[in-house]
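In: Sequence first, predicted coordinates after that:
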Amino acid sequence: MIEVKIMFKGLWNNSEKIRVPSSINMNSIPKHIAIIMDGNGRWAAKRMLPRNMGHRAGVEALRDVIKTASNIGVKYLTLYAFSTENWKRPDSEVSMLMRLLIEYLRKEIDELHHNNVRIQAIGNIAGLPGEVITEVDRATTKTRFNNGLCVNIALNYGGRSEILNVIRKVGEKIKSNELQIDEIDETLVESLLYTANTPDPELLIRTSGEIRLSNFLLWQCAYSEFWFTDVYWPDFKGEHLLEAISDYQNRQRRFGGV
Ligand code: IPE
Ligand code: IPE
Ligand code: MG
């Protein structure tokens, strides 16, 4: 039998109680969790549904995960929603993903805002369709002063392209004599990443049984703990997030030491 603690922290908890297994230490909840939300297509295929239905179900799955993360006091949740490589998919699927994103932001922003969630986007946002940019801007502007959970949506995001951007910026600074070569250090690079001012993720989760990074947070994951599950993203619930956190809390992180 699982013992539970009842938490009353975020606003969401005023109406619904959250059950946290006693195996979880509330004093060492990771500050930053990154998730590669994978398996929408296979979730749909298993049900003989079109892939787009999987994406729709994937959007639904966000609610429970965001709510749980917010309620247990996670500070940053970075969600891989669209990679720089996902443009290779058929136009119809790409359009559907963009449409779902717009719909999601329009539909959920008020509730997220009400719950003190801050929305941010990371990736090459300028390279997205205009309507998506507008909706992302609206959501980030509206929630910019919230100090609860920060949800970073990775859109048109690629770890290599992020690092390339940093290299270009560093090059420009050197060219304009704003920077000397021996001043280039990790702190400088971090300040130029999309995730500037965000601590590295302690925990990275990937769903659907794939065991790879697919160009996600290449710099930031240098010392992250990885947790993989066979669960397809649309089936991923707050309880899986708690399972991952519990597992993370039993890891020994050494950072190269003894
Ligand atoms: C993840 O699900 C969503 C995105 C990459 C946008 P997939 O669409 O990759 O689902 P699978 O991997 O084909 O099952
Ligand atoms: C990674 O999933 C990207 C997102 C979840 C947005 P993919 O399904 O695109 O990754 P690969 O192609 O299996 O590596
Ligand atoms: Mg996939």
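Out: On my side now, so go ahead. Ligands and ions are numbered 1, 2, ... in the order given.
In: Enumerate the residues of the stretch 1-150 of the chain near ligand 2.
Out: For the stretch 1-150 of the chain, the contact set with ligand 2 under CB under 6 Å from any ligand atom comprises 36-38, 80-83, 86. The way it works is simple: take the backbone N, C-alpha and C, and place the C-beta from them, glycine included.
In: rerun at 8 Å
Out: Taking CB under 8 Å from any ligand atom as the contact definition, the stretch 1-150 of the chain meets ligand 2 at 36-39, 41, 80-83, 85-86.
In: Show me the helices in the stretch 1-150 of the chain, by range?
Out: Ranges of helices in the stretch 1-150 of the chain, per DSSP state H, counting those that start in this stretch, are 12-15, 40-46, 51-72, 91-114, 130-142.
In: what's near enough to touch the closest residue to ligand 2 within the stretch 151-258 of the chain?
Out: Nearest residue of the stretch 151-258 of the chain to ligand 2: S214, at 3.6 Å (CB to the nearest ligand atom). By CB atoms under 8 Å, 6 or more residues apart in numbering, the contact set of S214 is 36, 38, 80, 83, 85.
In: Setting aside sequence neighbours, what's the nearest residue to the last one?
Out: Counting by CB to CB, 6 or more residues apart in numbering, E85 lies nearest to N215, which is 6.5 Å off, once chain neighbours are set aside.
In: Correct me if wrong: the one you found contacts Y80.
Out: No: applying CB atoms under 8 Å as the test, N215 and Y80 come out as separate, 9.1 Å apart.
In: More neighbours: those two, which one.
Out: Per other CB atoms under 10 Å, whichever of N215 and Y80 has more neighbours is Y80, with 25 against 17.
In: Now do the same contact list for the more buried one.
Out: Y80 makes contact with 34-37, 154, 157, 214, 216, according to CB under 8 Å, 6+ apart.
In: Identify the bridge partners of it.
Out: I36, A154 (DSSP bridges).
In: State the distance from it to R212.
Out: Going from Y80 to R212 by CB to CB, to the nearest Å gives 12 Å.
In: Stretch 58-70 close to ligand 1?
Out: Yes: interface with ligand 1: stretch 58-70 contributes G58 (CB under 8 Å from any ligand atom).
In: for that stretch, what is the average pLDDT?
Out: Stretch 58-70 shows a mean pLDDT of 98 in the predicted model.
In: before we move on, which element is the residue nearest to E85 in?
Out: Following DSSP states H and E, one finds N215 outside all helices and strands.
In: Look up how far I33 lies from it.
Out: Distance from N215 to I33, counting by CB to CB: 19 Å.
In: With L218 instead?
Out: Counting by CB to CB, the gap from L218 to I33 is 17 Å.
In: Settle it for me: which of these two has more neighbours?
Out: Taking other CB under 10 Å, L218 and I33 do not tie; I33 has more neighbours (25 against 13).
In: picking up where we left off before, what about burial for the contacts of Y80, which qualify?
Out: Buried residues within the contacts of Y80, counting neighbours by 16 or more other CB atoms under 10 Å: 34-37, 154, 157, 216.
In: Let me know the closest of those residues to ligand 1.
Out: Minimum distance to ligand 1 across the buried ones among the contacts of Y80 is 5.7 Å, recorded for M37 (CB to the nearest ligand atom).
In: chain center to stretch 194-205: distance?
Out: In terms of CA atoms, centre = their mean, to the nearest Å, the centre of stretch 194-205 is found 9 Å from the chain centre.
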